[in-house]
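>>> following is a predicted model, sequence given first.
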Amino acid sequence: MKLDIGTIQSKTNAYKGILKNTENYRKVWKSELKKMIIDTLEYINKEADLGAEVILKENIDNMEAIVYDLGRVHSGLSERVEDTDIKKTIIKTQGALVYQQLFNGKVMIMIIYPYIEGYGEPKPPKNLEILRPEELKQSFILRHIEILLKEITEWEDYDDDEPSKSVIGYKNHIGFTQAGGEELIEEN
């Protein structure tokens, strides 16, 4: 039997190439990338005086993570326990930047938003990007820290004075009525 497997052979070669890339990406993570990320984050932390902690999570081989953790603090909120003068402190997690080695050796970078325990649902993490090890440079880490600071600053300064998004589907004026009967007009 003679079959033309030209397309299958090219797909097989591509697949084997991807598997080899995974091996190479994992080697680069272990030999140099992990240290470069940690050293860069520690340097930024020291120079910027952010007070974060750089934590290496190594519990799964080839899926390690480096967490730039801004820590946990008293939120300034406390809950009264029943009808007593006793108050329960409510903790705020201040956010983090995570460099997670993926199953294929690439690196996913994401932001963990601040949240107050027991107060609503935490905002889902924001995936910034997925990079091959050779693409991740110190300048990218600087940019990631800048994005983290922008995102957590916006979270901390949340208000609804200036809505960033208009109502989807309307092209003209939309009348809204606020408490007290005053009409608000939003233009799209």
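Looks like it arrived, so ask away.
>>> show me the residue at the heart of this structure, geometrically.
With distances taken as CA atoms, centre = their mean, the residue of the chain nearest its centroid is Ile111 (1.6 Å).
>>> my guess is that one meets Gly95, correct?
Yes. Ile111 is in contact with Gly95 according to CB atoms under 8 Å; the separation is 6.9 Å. For the C-beta atoms, the positions are set from N, CA and C on the backbone; glycine is no exception.
>>> what's across from the residue nearest to the centre of the chain in the sheet?
Counting by DSSP bridges, Ile111 forms beta bridges with Leu97, Lys126.
>>> mind checking pLDDT for it?
Ile111 carries a pLDDT score of 98 in this model.
>>> picking up where we left off before, please identify every residue contacting each of Ile111 and Gly95.
148, 151-152 (CB atoms under 8 Å, 6 or more residues apart in numbering).
>>> which one of the residues you listed has the most neighbours?
Highest neighbour count within these: Leu148, with 25 neighbours (other CB atoms under 10 Å).
>>> I'd guessed that one sits against Ile111; true?
Yes. Checked against CB under 8 Å, the pair Leu148 and Ile111 is within contact range at 5.4 Å.
>>> what do these two both touch?
The contact lists of Leu148 and Ile111 share 95, 97, where a contact means CB under 8 Å, 6+ apart.
>>> list the buried residues of the host helix or strand of His144.
Taking DSSP states H and E as the definition, His144 sits inside helix 138-156. Neighbour-count burial for helix 138-156, counted by 16 or more other CB atoms under 10 Å, picks out 140-141, 144-145, 147-148, 151-152.
>>> now swap in stretch 8-22 and tell me
Thr22.
>>> show residues contacting that stretch.
Residues from elsewhere that reach stretch 8-22 (CB under 8 Å, 6+ apart): 103-105, 132.
>>> with stretch 50-69 instead?
Outside stretch 50-69, the residues that touch it by CB under 8 Å, 6+ apart are 26, 29, 34, 37-38, 41-42, 44-45, 70-71, 96-103, 105, 145, 148.
>>> before we move on, back to that, buried ones among the contacts of stretch 8-22?
Using 16+ other CB under 10 Å, the buried ones in those are Gly105.
>>> redo the contacts of stretch 8-22 as a markdown table? Include secondary structure and pLDDT.
Putting those into a markdown table (DSSP: H, G, I helix; E, B strand; the rest coil; pLDDT from 0 to 100) gives the following:
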| residue | secondary structure | pLDDT |
| --- | --- | --- |
| Phe103 | coil | 96 |
| Asn104 | coil | 97 |
| Gly105 | coil | 97 |
| Arg132 | coil | 97 |
